[in-house]
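**Student:** Fold the following for me, if possible:
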Amino acid sequence: MTRTAVELLGKPDGPEVFVPEMGLEVGTFTQTHEKPCLTWHVPLEMRGDFRPTDLANYKPERSYRTNAFGKVLCYAKTQADEYCQNKAVNRFPRCIKHGGSLHPLDKVVTEENSAEKDSMTRYQQFKAKLITVEDLDDEELAMGGFRSNKNGKVYRPKNVPREIMQAMQKAIFERANAELKGGVVKAAKTLVDLATDDTVDDASRLRASQDSQERNLGKAKQTEPVAPGSPWEEVFSGIAQISREESRKIREVESSREAIESGSEPVDAEIVEEKKSPEERMHSRDPAILSPTIERPEFEYDTPPSDIVEEFMAAAEQAEEDAAQGDSLPIDDLDW
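**Tutor:** Numbers count the residues shown, from 1 in each chain. Predicted coordinates for the structure are as follows:
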């Protein structure tokens, strides 16, 4: 980006972009404007109307719209669906009316537009990078706001970007640290004078002396002596010096080995099952496989009641008598 010696109304606050018509990267403006305009910075030497050969991406084989003086014309169309006859400006194929004008903050400060800069609030000036955190006073930084040009009160705008708040907090802490560092020597001398001045009361001199000593030598270690032979000390010393077996003997308790040998204490053991073949394991699980035959009760056939048998026999005899007389049905036709 080309640096200029003139003062602009604002500074680009957005990321840099590459503009093919200019052949370089320039900063952008994040603030929007009501009227269509360029959103990037245009160096002073590239402002105004231009010829096709002034473009960084000029192509001789291409046909450009130019006027009688060889200046590039606007490529926008009017409401009558005809090309605009105004000159393109600022290395952009549009005129001022159709979006080729400079961003309001990219204009050079003059007597005419200086009033426009003064009419901007401090927040607007800050966003336009006309002022920085160094230009804000301590109250503005502490409150995270901006002083009004009308009544001088500090107001905090709504939806202040996080980056601005972080910059203000960083600036206020830097100022506070600078003040503290600047008064270190004077504060140290005052502390020594208080500690060595005989006209100051003893309590103030003692506090000043202690403060001076702690700042230079550090705080004295706080130690609390323990009287020998304390009960807790005897308990822990006994635990630390004897083994478990010795402790059992002192308490007249059988040791682990003696208890195991005498049988008074169970011995940890693992039950191991006897290994069996797959067939043995299968038969041991299914009782039906273990039995070679399956017993079931004998089938009992149903027998007709005695009265039915007697009735049948009587009917048979009657049939025989009828047959002898030659006037009866055969036995096969009897109703069962």
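**Student:** Kindly state the domain boundaries assigned to the chain.
**Tutor:** The chain breaks down by automatic domain parsing into domains covering 120-182, 184-217, 232-262.
**Student:** can you redo those domains as JSON lines with mean pLDDT?
**Tutor:** Listed next are the domains of the chain as JSON lines, based on pLDDT from 0 to 100:
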{"stretch": "domain 120-182", "mean pLDDT": "83"}
{"stretch": "domain 184-217", "mean pLDDT": "78"}
{"stretch": "domain 232-262", "mean pLDDT": "65"}
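**Student:** Out of those domains, flag the one nearest residue 84.
**Tutor:** domain 120-182 (30.4 Å; Cβ to Cβ). Where C-beta positions appear, they are placed from N, C-alpha and C, glycine not excepted.
**Student:** how long is that closest one from one end to the other?
**Tutor:** Domain 120-182 has an end-to-end distance of 36 Å (Cα to Cα, to the nearest Å).
**Student:** ditto for stretch 32-52
**Tutor:** Using Cα to Cα, one end of stretch 32-52 lies 29 Å from the other.
**Student:** What residues sit buried inside that stretch?
**Tutor:** Under the neighbour-count criterion of 16 or more other Cβ atoms under 10 Å, stretch 32-52 has 37-43, 46, 49-50, 52 buried.
**Student:** What mean pLDDT does it get?
**Tutor:** The average pLDDT for stretch 32-52 rounds to 87.
**Student:** residues making contact with it?
**Tutor:** By Cβ atoms under 8 Å, 6 or more residues apart in numbering, the residues outside stretch 32-52 that reach it are 1-2, 4, 6, 12, 14, 17, 19, 22, 26-29, 58, 62, 64, 66, 70-72, 87-92, 98-104, 106, 108.
**Student:** Show me what the closest residue to residue 67 other than its chain neighbours is bridged to.
**Tutor:** Excluding its sequence neighbours, the residue lying closest to residue 67 (Cβ to Cβ, 6 or more residues apart in numbering) is residue 73, at 5.8 Å. Residue 73 has these beta-bridge partners by DSSP bridges: residue 87.
**Student:** Contact partners for residue 73?
**Tutor:** For residue 73, the contact set (Cβ under 8 Å, 6+ apart) comprises 65-67, 83-88.
**Student:** and if we set it to 10 Å?
**Tutor:** By Cβ atoms under 10 Å, 6 or more residues apart in numbering, the residues touching residue 73 are 49, 64-67, 83-88, 93, 95.
**Student:** before we move on, what about residue 25?
**Tutor:** Contact partners of residue 25, counting by Cβ under 10 Å, 6+ apart, are 1, 15-19, 40.
**Student:** For those residues, work out which two are farthest apart.
**Tutor:** Most distant of these, by Cβ to Cβ, are 15 and 19, 13.0 Å apart.
**Student:** Which one's more surrounded, those two?
**Tutor:** residue 19 (21 against 9; other Cβ atoms under 10 Å).
**Student:** confidence score at that one?
**Tutor:** In this model, residue 19 is scored at 92, pLDDT.
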